[in-house]
Structures are given as C-alpha cells and as structure tokens.
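Colleague: turn this into a model:
(chains A, B, C and D)
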Protein chains: 4
Amino acid sequence: MSLLIAGATIIDGVSEDPLLGQDIWIEGSQIKAIGQRQKFAIAPETEVIEARGKFVIPGLLDANVHLLLDMRLENLVRYENRYEDLIVEAAQVALRSGVTTVFDTWGPRRHLVAVRDRIAAGEVVGSRIFCAGNIVGLDGPCSADFLARSAEIASSVLVERINSIWAENVGPELTWMSPEQVAERVRSYIGTGIDFVKYAGSEHRVPTGPSAFLAFSPRCQKTIVQEAHRAGLTAQAHAQSVEAVWAAIEAGCEIIQHCNITGSVPIPEATIELLVETKTASTVFPLTKRRYERFKENGDIVTSRLFTQASVETNVQNLVQSGARLLMATDAGILAAETSGDPALGAVYSGEDNLFELGQGHFHWLKAMEENGMAPMEMLKAATRNVAVAYKKDRQLGTIEPGKIADMLILEKDPLQSAENYRSIHTILKEGVIVDRSALPLEPILTAAAPRSAGTLGSGPSRKLGGGFPRCCC
Amino acid sequence: MSLLIAGATIIDGVSEDPLLGQDIWIEGSQIKAIGQRQKFAIAPETEVIEARGKFVIPGLLDANVHLLLDMRLENLVRYENRYEDLIVEAAQVALRSGVTTVFDTWGPRRHLVAVRDRIAAGEVVGSRIFCAGNIVGLDGPCSADFLARSAEIASSVLVERINSIWAENVGPELTWMSPEQVAERVRSYIGTGIDFVKYAGSEHRVPTGPSAFLAFSPRCQKTIVQEAHRAGLTAQAHAQSVEAVWAAIEAGCEIIQHCNITGSVPIPEATIELLVETKTASTVFPLTKRRYERFKENGDIVTSRLFTQASVETNVQNLVQSGARLLMATDAGILAAETSGDPALGAVYSGEDNLFELGQGHFHWLKAMEENGMAPMEMLKAATRNVAVAYKKDRQLGTIEPGKIADMLILEKDPLQSAENYRSIHTILKEGVIVDRSALPLEPILTAAAPRSAGTLGSGPSRKLGGGFPRCCC
Amino acid sequence: MSLLIAGATIIDGVSEDPLLGQDIWIEGSQIKAIGQRQKFAIAPETEVIEARGKFVIPGLLDANVHLLLDMRLENLVRYENRYEDLIVEAAQVALRSGVTTVFDTWGPRRHLVAVRDRIAAGEVVGSRIFCAGNIVGLDGPCSADFLARSAEIASSVLVERINSIWAENVGPELTWMSPEQVAERVRSYIGTGIDFVKYAGSEHRVPTGPSAFLAFSPRCQKTIVQEAHRAGLTAQAHAQSVEAVWAAIEAGCEIIQHCNITGSVPIPEATIELLVETKTASTVFPLTKRRYERFKENGDIVTSRLFTQASVETNVQNLVQSGARLLMATDAGILAAETSGDPALGAVYSGEDNLFELGQGHFHWLKAMEENGMAPMEMLKAATRNVAVAYKKDRQLGTIEPGKIADMLILEKDPLQSAENYRSIHTILKEGVIVDRSALPLEPILTAAAPRSAGTLGSGPSRKLGGGFPRCCC
Amino acid sequence: MSLLIAGATIIDGVSEDPLLGQDIWIEGSQIKAIGQRQKFAIAPETEVIEARGKFVIPGLLDANVHLLLDMRLENLVRYENRYEDLIVEAAQVALRSGVTTVFDTWGPRRHLVAVRDRIAAGEVVGSRIFCAGNIVGLDGPCSADFLARSAEIASSVLVERINSIWAENVGPELTWMSPEQVAERVRSYIGTGIDFVKYAGSEHRVPTGPSAFLAFSPRCQKTIVQEAHRAGLTAQAHAQSVEAVWAAIEAGCEIIQHCNITGSVPIPEATIELLVETKTASTVFPLTKRRYERFKENGDIVTSRLFTQASVETNVQNLVQSGARLLMATDAGILAAETSGDPALGAVYSGEDNLFELGQGHFHWLKAMEENGMAPMEMLKAATRNVAVAYKKDRQLGTIEPGKIADMLILEKDPLQSAENYRSIHTILKEGVIVDRSALPLEPILTAAAPRSAGTLGSGPSRKLGGGFPRCCC
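Modeller: Next comes the predicted model:
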C-alpha cells in the first residue's frame, strides 16, 4: 500500500526549520521518501492526501502513561478479568488523540505485554506500547505504596492476589536486600519481556508527607541499571527529591521521571549540570497557569505539597534554560466515570488542564510548557524525537525521515505558532495507516457512561432526609 | 404425578407422638392422605418410596436467613449484575440441606422477589422464599448500619447506588420521621410485593458498643405493624435489648428476632410473660457448647458482647421454660471463599458449629437447643410448624397433613432421639417432587473455589521477604 | 448592707410594660422594695447607684451551659487535677457577662457540685450554678458518645478513669436495662446532690449521621422523670428528633433541650400543641443570619446536618408563634486557646455569633431570636423569668420583685429597643453585691494566652520545608 | 575524701584475667591506685569497704537509652512542664541499677542538656548523661515517625509545639535537602551543646512495613558525619536494613544502632567484614530465649517483623563471631504505669526480659547475649570499655585504671560465672561516691503508682454492663 501526503509543511523533528511544501511518500509502514512527488516512482493507484496549507509532524510519544490507572478497589475487582480490555481501551484513547506511542511506566506486566504484542501484531488497533511492568521496589495498588486503605477492607486473599499481579518478584521486599539479591530479582524480571526497567528511587508512600526517603541505596540503584543495560534495556527512576534525582543520574539512568517535583527544595545547580553533562533525559509535570491557580485556592494537601511549591516551577525553568533533554510525559490514564466524578477524589485528578487525563493530558503539557517559555521547536522535539532518543527507539521512531516508521500527524494549524494547534488534528497515521479516530475506543468500558442508580419508589421526599453517610472519617 | 411414602414413622408436627408405620399419599404438590396405603385409591403407576424404618418430618423452615449475606465491598462489586444468581445459589444450598422454606429478613428486595417468583413458578429449583426486603429504618450494606468502612473507600456513586438497592424508600431517614410519615413510606414499600415487614426495633450500628438504642419510638413501631396488618402481612422486629423486645411485643409484632441477644441484661420475667400471653413468636440464636468455649477463648469483641454474656443463655432457658413460641432461625447465608477464609474476619463467621453458615446452620441450631434442654418434639415444631404459624403460612406449610403442600424430609434416623439425626437425610421432597440434592447448587458462584493467585516468578525467596502489609491500622 | 438603685426604668420580668423612673431598695442579698425612694426607710449610709436614664433587668439565666466544655484529650489530661478551677473560671466568665445563674446540663458531677457549693457559700465569686452532672444514659467524653477517637489513642486506664468521672453509675449501660433497673440507678444518682435530672432522649453518637435513635424507651423515660419528681427535682431530655421531642413531653419533662434541632423533619403541629398544652419548656439554638450564611457556605457536615436544615428555622418560628415557653440556652463553655484556634476544629465552635462561646453566646442568642421575630418582652422573659419557672427556681430568681434575690443588670440602653443593648452593661448585681467585672476571671486558665512554642534555631528556612504532617487521615 | 575498696577480685575491663585480692584507692572522684593497700599513702580517716570475696567491675555504660521514652500523648501533655523531672527520674533509675553512664540517643535536647549539666555539676544525683538530642532527619513524637495518631487528635498548636521540642531545626525536612543544606543545619544543631550526633540512616516510619527506606542518601550521611567529626563529636546512625548498615559504615559512623534488626535479610558477610575492618561499633538488641518464645506465640506484627525473624539471631551470632566491636544498648526508658499496664500496648513494651525497661533492660541484655554464646569477658567489655571507646570517652570512663573516674560496681557474685550475677550489686560508686540506691528515684513520677479511679456509686452491677468502648477501630 502506498500513500502520498502532498504539499504540506513538514516539521520533521530533525531540521531546525520546517520544510515547506514537500511531499511524503509512504510505502507500507515506512517512510520511503520526502521531497517533490515528481521525483517519486509512485504507483498510479497510490492514495494521495492533499495537505497543502497543513502541517505534518511526527506521531507524538508520551514518555509516561499508565494504561491501567484507576486502581480504586471497586475497579480492580469489577474488571479483575478484563485488565487487558482496559489497557486496549486506553491505548485506543491515546492513539485517537495523536499519541502514536506510549511508554507505560507502572502497570500489570502480564496484561500490558499481552496487549503490546497484540497491537504490534496488528490484531488490535491502538497506540504502540512499551512497558516497564512494575516499578522495581514497589508493591501493588492495594498497598501502602498506593491505596493503603483498600488493603484494610478487602479480603487478604484478594489483596495478595491483586498486588501480586503488579509486584511479581520485584516488590517492596527488594528494599531490604543487598545489591546482589536485588540484581538477581531484577534479572529474572527482565526475562519476562518488559521493554525497559523502572525502579523506585524515591519511595512512593505518602508522597505528601514531611519526609523524602530513598527506596534503594545508590549502589543498589547502580546494580539495577546495570542489569537493565546488560539486557539491552534502558533504565529510569521514580524520583521526588533532589537527592533521588542525583542518585538516579549517578546510577546511570537514561531517564528520570518528574524531575521537577522535588518538594520545596529546587534541584541544585550542580545536579542540573551533571544531568546535562550525562545527557540524562528528564520528564517534567508542569501546570498551566489556571491549573496552578486552582490548586492554590483548593488547599488540597496533595496539590500543595507536590505541585504548587515554588521549586516546581523553578525546576522547570532551570531545566529548560540548562538545555537538559526534556521529554513530554503525563502520567495519564483513564478513570472510571464513578471515580472521576467523585467529589471525594480531590483536585489532582479532576478539573481543567488535568495532565493525568489520557487523550488530553499531552495537550495540557504542551500548553503548560509554552506558558513556561519553552521554545516551540524544543517542545515539538520533547514530544517526539527526544522521547525516542531517550528510550533508544530513535532508529525507527520520533522523526519524519526516510526509513522510519510512518507515524505522523497532519495538523490544520501550525504547532510552532501555538501549542493549542496540536489539537487541530486532521489525520493520524500510524505505521502508514490512517487511524479511524471516530471509531475509538472500539469498546468503551471506563469511558462509557456509568451504570444508573435504581429508581426511587413513590414520589415522597428523598431518602436522604436525615443526611447521607459522611464520606470522611474525621 | 402420584407418590407414596410407605411404612415410615411420621412425625407430622401436629400429633403429640410419632405415627408409626403409616403411608403418605402425595398427589401433585399436595398431601392427599395419610394412613394405610390399602385404603388409598392410588393409581397403579404411582411411585413408591419404601421408607420402613425411616422417619418422615415436615420440610424445615428457617425463620431468618440472608440469601445475599456477603456484603464485603469486593463481592457487592464483583457480582453487581448477578445478585439474582447469588440468591438462587443460596436458595439451592438451603434446599439441598432440608430447608424447604426460608424467610429472608434483609436483602435486596427487587432481586429477592424476582428469584422468589421464579422458584414459585417452577422456573428454577430452590428453597421456597418469603422475603422482607430491607429492614425498615436501616440503610444498605455500605453504611454505618453494616460495613461503614466500605463507604469510606468506595466512590460516592457506587455507595449510593448499592445502598439504594437495599434501602429504597424505607432507609435510615425514617428514624427522623413522625409516625404519619413513616406509615406512608411503609405503605408504599409494602406495595412492592414483599411478603412480610421487618423493621429496626433496635438500631444496627456498632452492635457491640456500650449502648442499646431504639431505632423507632414505640408509637412509630405500632404504626409500622398496623400498616403490615392492614395489608395482610405479618410484622417483625430486629431487637437487641430488653426494652426493644418489650416495645416489639407492644407494637403487635408476630415475631421478634434473636430474642436472646440482649446484652448483659436478661429479659425480665414480666416481659416474657407478656410474650407468652400475646403468643408472640421468638427466634433465638443459641451456641453449642464448643462454640461458646471457642468464643470465650477468642476474646473477639463481637462475640464477647453479643454471644457469651450470661444473659444469652439465661434468656434461652427462660424462653424454653416459659412455653414461648420459639422458632428455628439462623441468620445464615453464604460467604465467598475469600471472605470466609480471611483471617481478619474474626470468630463470628468462621469455625465449627457456625450458625450463620447456610446449609449447616440449622443443624447447629438444633444441636445447640438440644444442649439447652429443649424437648425433642418442641425442637421439631420450632423448626417446622411454629415457623409456619408465626408467619401465617400454616394453612399450607409446616406440618404433614392432608391438604398441605408436600414438603417433607425422609430421615434415616429418629430426630427425636438426637438432633444429630436431622442430618441423616435420605430424601427431600419439595412440593411433592424429589430434590436432586447432588446437583445443587446448579451453578456454584460463592461456593465455588476461589480464583488462584498468579504464579510467582523464578525460584527465589518469596516476595514477602520484608513482611506483608499489616491488615490492621492500629 | 443596703443599696439603692435610683431612677431607672425597670423591666422586672413580670409587668407587661417597663416601670419608669422607679427606685429599687436592696437589703443584703434581697430586694426589699420597688417604688419611690422617699417612701423607703433607708439607712443614711445606704449606697446609691444613680441610674436615671438607665434600664434595670433581672440577672440573666442560661438554661444550658457546660462549665467544662473543652473535652479534647489534651485538656482533660493537662487539667485532670484542676477541673474545679476550670469550672470556677467558667462561672466567672458567665457572671462578668451578665449571666448570674447557669444551669450546667452535662459535666463532672463531683466537681460541679463542689464549685456550686463554694459559690453558694460565698467562698468564691461566680455565676450561681445548678447542675445535672451526667446526662443519664451517656458515657464520658472519651467515648463514642462524644470524642471516640480519644479512646483509640489514650491508655485504657485513663479512658476508664476520665469517663467514670462523668458517667458514674448512670452511663450507657442504662440503655440496656429494664425500667426498674434504670430507676434504681437514677435514684442512687439523685442521692449525690444534683439539682435536676437530664437524660438522653435521643442518642448522642454521630449526631450528624443518617439515623436518629432513641436512647431510652418512652416507659424508661417516664421512670426517670418519676424518680426526679419523687425527689423534688425537675427533669429534662436531650432530644434531636421529632419522636424524641414527643417522647420527652409524654414522659413529663419540664424542659426539652434544643427543640429546634430535629434533622430535616419539622416538629408536627400536634406535638407542638401538646408541648403548649403541657406547658413544657423548650430551649432552642437559633442562628443569626450571618452565622447561618457562614454555615451554608462552609459545607461542614456537622453544621449542614444540624443547623442549616430548613426545619431548624421552621421549628423556631412555629414555637415562637405557638406561645410555647421558650428558654434562652446556649450550650456554651470555654475552649482553650489551642482548641478554639485549631483550624481542624470545624465551623461549629468558631467564628462570629458563636452560640457556644460562654460570655458571648447569650448575646448571640438574643440577637438571633430578634432576627427570628420574637417580641422584645418575650425575649427578656425567655432569658430570665421563663428559665426560673421551668427549673422551678422562680420563688427566688428570674424577676425583680420584693423578696427575690437581688440579681440584676443595669444597662445603659433599652434592651426592648434592640437585642444589641443587652451588651450595654453598666453594673451587674448578684445577691445584692456589685460584681467587679474587670477582675474576672480571677485566675485565667483556658482563657489565658496559650503557651508559646520553643524558639527555632538559627535563621535558616523553616523546618516545615517538606510540609507538616497532614492532620487528616484521608 | 578518700575511699579504699579492699581485697576484692577486680575485673578492670582491661586485663585478660581478673585481678585477685587487690585494693583500690580512690581519691575524690578518681581512681588513685590499684594494688596492695600497704603501698598506698592513705590518710588514716579513709573509709574502707571490705570487699573480700566480692567482685569489682567498672560502672556500666548503656549505649542507647531514652530518658524520656513514654511519648503517649497523655504523658507528653500531663508533664509538658516537667520533662526535666522525668529525665532526672530516669537517670536515677538507671543509676540505682548500676548504669553509671547513659547515652541518650533520642530526646528533647534542651531538657536533656539541662539535666546532663545539673548532674555533671553535682546539683542532682543520677547516671552521667551524654545526649544526641533529636535523631537528625526525624520529626517529634506526635508524627508519622513515631505516634502518628496523636497528631490526628491533638490540636495543631500542641502537635507543632511538642514536635518542635524534639525536631528543632533538624527535623524531617532535612530529608528533602541537598548535602550542603543538610550540613548547615547539622552544624547549627551541634552548636546547641549536644554530645554526639545521631541521624536517621533508615527511616523510622512503620518500621514493620514491607519496605525499608533510607532517610538520607549516602553522600548526605557522609556530610552529617563530617560535621560531627569537625566539631570533635562522634556520629552514629539509626539503621534497620542491610543497606542502611552498609551506608552508615561508609559514611564513617563510629556506632551503628541495633545492627541486628535488618528485617529478614541478614547482613552480608562483606558488610560485616567492612564493619570489623573499620572498627565501627555495633549495638544489638538481643532477645532471651523465653522472650523470643513469647514473641513467637504472640503474633504481634511489630515483634514478628522486627524481632523474631531468623536474621535477627543470625546477625547477632555473625557479629559475635566476627569480632566486631559490640556495645550493650537497650533503648530503655520508663513507661508510666498507665502505659505499661495497658492491654493495648502490645508485646514489645511489656512482659518478662523486656530490654526496653530502664533499670532492668541491661540485665536482660547480658542474659540474652550469654544465651547467644558471647564470652563472659567480651560481655563485660561490651557493657563497659567498648562503649566508652566507641563514644570516645575512654580517657575517663569504661575501665578501672588509675586516673579514671571512679565509677564502679561491687558485686556479691562473679559476673564472669553468670550474667545473672550482674544483679548481685553490693555497692555502686559514681565518681568515688557511694550511691544511696534505696533513695532513688528521689521523686517518683512515672514510677509512682497510678492515680486511682473515682469510686463507683452504690453497690449495683458495674457500669460496664453493656461493655466498654472497643479500643480498636477495625
């Protein structure tokens, strides 16, 4: 199958400036050539997309998503036999919004790998998946590392069964171990087919508390990274303090997640220099101005501790100015209607410009970084080429070049003019095939409407006469 | 279809003494005659069950079950669309153990009524169901009246949706209302097809606490009972203190549930006399000796407050001696394997002689009452005729008499010799049809084996190296 | 000692209209005569207070205070040996604000009685105290009836010791008992020297929940009231639902506390008629408009369930219009600076027009009732004569009449013009003696400034760098 | 003042074998000479203690105590103005049991320093104190690092005030900081007069959980130790995992606390070798056999996670065999009667052979180590000389040598025969003065009897009729 995108302005992720009025020739899943169509030996039946006045950019890559994000007990139970279906749905939501590749950095390995392989084999449509499985050193969702209270009310067997799906043999017990023991576990886990290794640099419990702990000693971190590299994989760390960032660089990580979230202490200059020098890539979680204002007013403990400290913005600006390799990353996933609509959920997962909303979060990221003064071309690279390079997938992904996989977006408006224009998607191509956006997700589950409540009896006053049960235990 | 049970000793629930060597002629679903087969005009093709040396008793009636008992959040969610299936399973577990009729005293009305009707119509096999739906004045399972902590972690929408299935328009808000308002609500609820009315005499929150509250004023109670009677239904109260018992008698209830559970204060003589005088029926929840010992040693707060106080036994003995109308009742239901095997569950729902285990609990009841000195024939009546009478179902159920529905058990051994002998079931007849016990439940759900945990990776030490997450928040 | 108040307008609590320009002759602690001074045979050395243009009213009576209100664990422990001192402080705060008599309706009996007697004996200055001790049927402060969480963290011995100080032999165990048993306990408790009996009509646990329970059956309530009457005491009920109000009237109570707080169900007309007919007195807890608005916006569960329901205002207006005997009552006490300034305390005990602030609450009550349309003279009576009558103390208290105890306030401005004018206190007389307001409380404890935090070291950034520990467990 | 101890067997902490039948000449607070009294130029009025047949050993040193241990909210509040008195009491309890010097490794600096100085100045009697103040990086007692639930119920002001007393400027916020920032804080803290520096190697939250986190990166740890050394102080780490132990050695600590408590992973051989090589001292918390059995049966989460894992004993044995420098340490302090008698307290702080009971714990330590096969002379050194050496106090303390401070115990029985014999104290000398053991503590506070509960009224049944309030929230 041949395809020709004709006459567009091409922002290929490589050149300093856009290429004006060029044609892209796609053969099968690959880009065959870029230039003037007249010079292409194209078959007569080749489909042509007239794109004059439009803009072609590489398919977007999100460096940090969670295709199974809604870890509320009720969801983990209700869909206990459908985790793959949930992952497929998320991969389709990502794809229809222009994210042709996602890097899942915490999830149920077995199910992620299965969906990854089905998408890769063309059995099901969706964003291309690379996955880490568990974060080495952390437990599953019903634990102190995530939602501790689930473990208080669910049956022991269920808690253990669910947590094991995530933690497998690289759970919290590794934090007690010697480097040799940790290495052995990680080696065995790598053998299960993950695409890259992520470990807990910072702990993940009560992230809003007064303390910032390291989950692994630096020499253990080094060991984990070495195991990843020995297997040809990249490594990355979950880091939430300045010392965790430093230790991750020292350990040799290719990527450090959410570098800007470091409590109230900004990353020291020396550490940023080291980051640049070692070409370690950083993801950042920026806020748009209006989201920042919302968080400020809200007073929620999570937002005030994690997102609205002065250092969060300072870090972003220092990183941008330092020339560090920045990656677009959102932590995004899908929440069930009952979860996302729950008043008790707090500010982090709701409201406008929510980074964590899959399919929208990447647009918010671009907008927020624009507000933070990032140069348009740098933003484009952060959302495409940089991600591919950091994950060592740049031989095939991240730019529009002959020989690369034909993942690309045709936009109506110029993304270099305004981050808003990334939304003006005209066509999404993945592996040379036009994505039928309106059909996705094929089977809505979490994105479907919530089941309705049973009708009430009679026409009398509501049963909430004396008031509902208070949600909060205080 | 005709059936003849030949030569058995018949304990019919009416006569003072067993009828020796008689024959029972069943036509269709009814008992046609009892006597000597020679005198019966039986069709030649009539099936004959030779029962010489065996004992025939009426099918058992349990005055208090919960066909949907396992209200753990994970079960309510996992089976949210299968509550009817769970009820069917429970009705079949009850039936295969000789309980041909159950009175469900708290559950999801809509689903109970549906299964009740399907069983009554012969569409599905199972114990005959009569149901109350909600306990008037109480909330659903995810509430302070039952499992408050579920409401703390589940989404608001889910909590509201599930609780509404139980509470409908007769939830906790009724406790705030005037008698007129309560009456209106109850009237409307009766119109939904319930078989009898149960209301909260005592509250149902923290039943082990230092206080015993009344959920309704006596005049409200009276109003509720009047509404029931006006509609031709019986009424009963959940009562857990001596004043709640007294108020329920005064209100005109036909039945008072778990009369013996009254904290540490035994029911005063005057109240027992009133009970006898008004012919109000009582259910009791007795313990076998070994269960009592287990509870004593265990020290569990629930068991020590509810079951091992001296008054619990005193009440049973005073009630037995007073000649009060006692009913067999178990509060039984089915717990999922994950629930019943959970070490955190506490003593009440596990261990030997557990009254609350559907299919076994009634045998434990009989054994416990035997240990409490109840006369064998009284026990038989408590498990059959008395229940039918108290629920005003004795025109058709509860005894072996011509014209009655042919529900009966053929036992290998004499139940008047030992309570243990109720277990020696040879044949169960429901509506004249032999129950295929080995086939029940037709589709095991909660009674099926629990799903297995995912296999662990490699052969290294368990991931529980540093210890599992503590279940308890203290 | 003689005293003459000369030339004031007297609002005596009896006459329909103020008495203009009259003189009051006080001898010792009593009012000797009212009229024209020329007609009085006054000793030459009699002190004269020139009060022309001023207004004299009876000393105020608060029908519901808690002289030891701050039941936070830290206060109960810190002052465990000083409860009497706290009570003295509160009695002095009340007195200096014009409340010459208080009725303490829940507190540590032994200590209240001791302070009451010391004040009565003239050993210490303070508002005159009448006290109920415990609310019959309730537990002490570290319990589910009040602050359950204290019991979770304090030592068992401490919890038991503190609760026993309040509960003595009339604690929550009475709710399990028969009327005879309850009567015996109450009789013995009355023998300890309390001034009136208060019992739990409604329960006092989770008052904001979806349910409204009765702590005692009506016949138990009747028994309690009979015991009080037999001993010559008045009786009253804590009531928070329409059925609790009804039951308290039926039981024969002289007073029903906070009649207007009945969830979302207003008191039915028939019950209000019964209240009027039986001359049962009601206290109400009204909100000023601005406090109502504050509660509305705040969204606090306690305020929204208890205070801002439509029925709360409806009840007040129906009671006012019905001619029911209304009493000024505040539930007021003193909170330690650390408690009242705690952001976690919620809206109920803080902010403007706070009824529960001793020394100010009664002014707020008057203002709120003015806003509710109560007639000025009715308000004055509600704050004076009605309280004395309801508590059967009107032979000596509540009005300005010869022979009565000389408790009175001289106001600069006319209280019948505006409730605000009750604040314009010129002089307070208690038992014929001028109160030295500026000296009270003699020894500030809870009203003293809070102890300061230790200074921080150096000049570096605050130790709150990573954020303090979250107060809330959610 | 001169003193002569005559004729005893001296185990001086230096010699390989006991010195038989020697005399010790003490002048003032120092040891003047050891040998034959005939050779001593002693004044005639010199007091002589005839000690033939007895055994003289150096005064004991406990390398880890907490003179203010009972951090229950009720105690912190009740004695908020008496922390010094509590510390004095504890220092006297230690002294009367033969512990002449204690190293307080976590406590309220200001108060510890004050008592330390008063004891040093001879103003008050008590064990000699050296103190660390706060553990660098941890918060105060009402925090997630210790008793988190206190912070949930106490007022914010109180929580902040109490925590600040401990944390001062070296609280949990340091875990967020860069090495330079941490160093500055520690430098300033050292300036307040502490005797040695202790920091959090391992975190101190939920020590029984599935994870073991590091509170500081190794380079931060190094910085802290450097600051200590620069000021001439020793440094030590709280360590609870094998990597924390390793990091503490690397950082240059003189002492590592509770080296044997490392979850289920024993310290690797290489780490133990490093420990020996660097002469880093280790404290261990051993159990006697019967305490181990008790913990095993009890099933308490804390004991099972911390104390009964196989690695705990393995570590002790490996450390003993390796020749590592072991120190006697108990973590001991005094619990109020209400705390230590509280059934809810759990197994750790109660029962026989409780290491944490000041005044007894060191005897249990010696017994437990004897059971673990430690050589008698090694044990004696672990309890005397080793501690002095590790803390760099051996110029004056830890052995019986001329010129040293005259701290010593005269025992009736030979401590090298049995650890039990350390209990056979005949005389305690501190700084050459005989301790009046029977008088200590001079003013019992926590060790005094608990206040009694108020008497109950009448003779009726206990008010616990319906049961007390459940302590546990589950």
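Colleague: shaky segments in chain A?
Modeller: Along chain A, segments meeting pLDDT under 70 span A:206-209, A:299, A:450-474.
Colleague: give me the residue from it nearest chain D.
Modeller: A:Phe213 (3.6 Å; CB to the nearest CB). Using the backbone N, CA and C atoms, a C-beta is placed for each residue, glycine as well.
Colleague: check the burial of that residue by counting its neighbours.
Modeller: As a burial measure, A:Phe213 scores 29 neighbours (other CB atoms under 10 Å in any protein chain shown).
Colleague: what's the answer for A:Gly21, then?
Modeller: Using other CB under 10 Å, A:Gly21 is surrounded by 14 other residues.
Colleague: would stretch A:291-307 count as contacting chain D?
Modeller: No - against chain D, stretch A:291-307 shows no contacts by CB under 8 Å from any CB of the partner chain, the least distance being 10.7 Å.
Colleague: go on, stretch A:248-264?
Modeller: Yes - contact of stretch A:248-264 with chain D (CB under 8 Å from any CB) involves A:262-264.
Colleague: out of the residues you listed, grab the one that's most surrounded.
Modeller: Per-residue neighbour counts (other CB under 10 Å) across the residues of stretch A:248-264 next to chain D peak at A:Thr262, which has 28 neighbours.
Colleague: quickly find the element holding that residue.
Modeller: Following DSSP states H and E, one finds A:Thr262 outside all helices and strands.
Colleague: how long is stretch A:38-46 end to end?
Modeller: In terms of CA to CA, to the nearest Å, the two terminal residues of stretch A:38-46 are separated by 13 Å.
Colleague: tell me which residues of that stretch come out buried.
Modeller: Using 16 or more other CB atoms under 10 Å in any protein chain shown as the burial criterion, the residues of stretch A:38-46 that qualify are A:40, A:42.
Colleague: how distant is that stretch from the center of its chain?
Modeller: Here the centre of stretch A:38-46 is set off from its chain's centre by 38 Å, with CA atoms, centre = their mean, to the nearest Å.
Colleague: contact partners of it?
Modeller: A:2-4, A:23, A:25, A:32-33 (CB atoms under 8 Å, 6 or more residues apart in numbering or on different chains).
Colleague: which ones among those are found in strands?
Modeller: Among those, the residues falling in strands (DSSP state E) are A:2-4, A:23, A:25, A:32-33.
Colleague: can I get the buried part of the residues you listed as one ChimeraX selection?
Modeller: Entered in ChimeraX, the line below selects the buried ones among the ones in strands among the contacts of stretch A:38-46, by 16+ other CB under 10 Å:
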select /A:2,3,4,23,25,32,33
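Colleague: redo the ones in strands among the contacts of stretch A:38-46 as a markdown table? Include distance to B:Gly140.
Modeller: Listed next are the ones in strands among the contacts of stretch A:38-46 as a markdown table, based on distance: CB to CB, whole Å:
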| residue | distance to B:Gly140 |
| --- | --- |
| A:Ser2 | 61 |
| A:Leu3 | 57 |
| A:Leu4 | 62 |
| A:Asp23 | 64 |
| A:Trp25 | 63 |
| A:Lys32 | 63 |
| A:Ala33 | 66 |
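Colleague: tabulate the ones in strands among the contacts of stretch A:38-46 (CSV), appending distance to chain B.
Modeller: Below are these laid out as CSV (distance: CB to the nearest CB, whole Å):
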residue, distance to chain B
A:Ser2, 45
A:Leu3, 43
A:Leu4, 48
A:Asp23, 50
A:Trp25, 46
A:Lys32, 43
A:Ala33, 46
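Colleague: wait, isn't A:Pro415 in contact with A:Asn421?
Modeller: Yes - using CB atoms under 8 Å, A:Pro415 is in contact with A:Asn421, at 4.8 Å.
Colleague: overlap of the contact sets of those two?
Modeller: In contact with both A:Pro415 and A:Asn421: A:Phe55, using CB under 8 Å, 6+ apart.
Colleague: from A:Val284, how far out is A:Phe295?
Modeller: Per CB to CB, to the nearest Å, A:Phe295 is found 16 Å from A:Val284.
Colleague: for these two, indicate the residue with more neighbours.
Modeller: Set side by side, A:Phe295 and A:Val284 show more neighbours around A:Val284, with 26 against 20, by other CB under 10 Å.
Colleague: tell me which of A:Pro415 and A:Asn421 has more neighbours.
Modeller: A count of neighbours by other CB under 10 Å puts A:Pro415 above the other of A:Pro415 and A:Asn421, at 23 against 17.
Colleague: would you map the strands across the stretch 201-350 of chain A?
Modeller: A:234-238, A:255-257, A:281-283, A:325-327 (DSSP state E, counting those that start in this stretch).
Colleague: and the ones you listed: which comes nearest chain B?
Modeller: Across those, closest to chain B is strand A:234-238 (CB to the nearest CB), at 18.7 Å.
Colleague: which parts of the closest one are buried?
Modeller: Buried residues in strand A:234-238, counted by 16+ other CB under 10 Å: A:234-238.
Colleague: so what's the backbone phi/psi at A:Thr105?
Modeller: phi -110, psi 0 (degrees, to the nearest 10).
Colleague: that one and A:Ile135 touch, don't they?
Modeller: Yes - contact criterion CB under 8 Å: A:Thr105 and A:Ile135 qualify, at 7.3 Å.
Colleague: between the two, which contacts overlap?
Modeller: Joint contacts of A:Thr105 and A:Ile135 (CB under 8 Å, 6+ apart) are A:Lys198.
Colleague: hang on, the earlier thing: dump the buried residues of strand A:234-238 to TSV, plus distance to chain D.
Modeller: Shown next, in TSV, are the buried residues of strand A:234-238 (distance: CB to the nearest CB, whole Å):
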residue	distance to chain D
A:Thr234	23
A:Ala235	18
A:Gln236	18
A:Ala237	13
A:His238	13
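Colleague: picking that back up, from A:Pro172, how far off is the residue of chain A closest to chain D?
Modeller: Distance of A:Phe213 to A:Pro172, given as CB to CB: 12 Å.
Colleague: repeat that for A:Met328.
Modeller: From A:Met328 to A:Pro172 the distance is 30 Å (CB to CB).
Colleague: mind checking which of those two has more residues around it?
Modeller: Taking neighbours as other CB under 10 Å, A:Met328 and A:Pro172 compare with A:Pro172 leading, 32 against 25.
Colleague: skipping its backbone neighbours, what lies nearest the residue of chain A closest to chain D in space?
Modeller: Spatial nearest neighbour of A:Phe213, chain neighbours left out: D:Phe213 (3.6 Å); criterion: CB to CB, 6 or more residues apart in numbering or on different chains.
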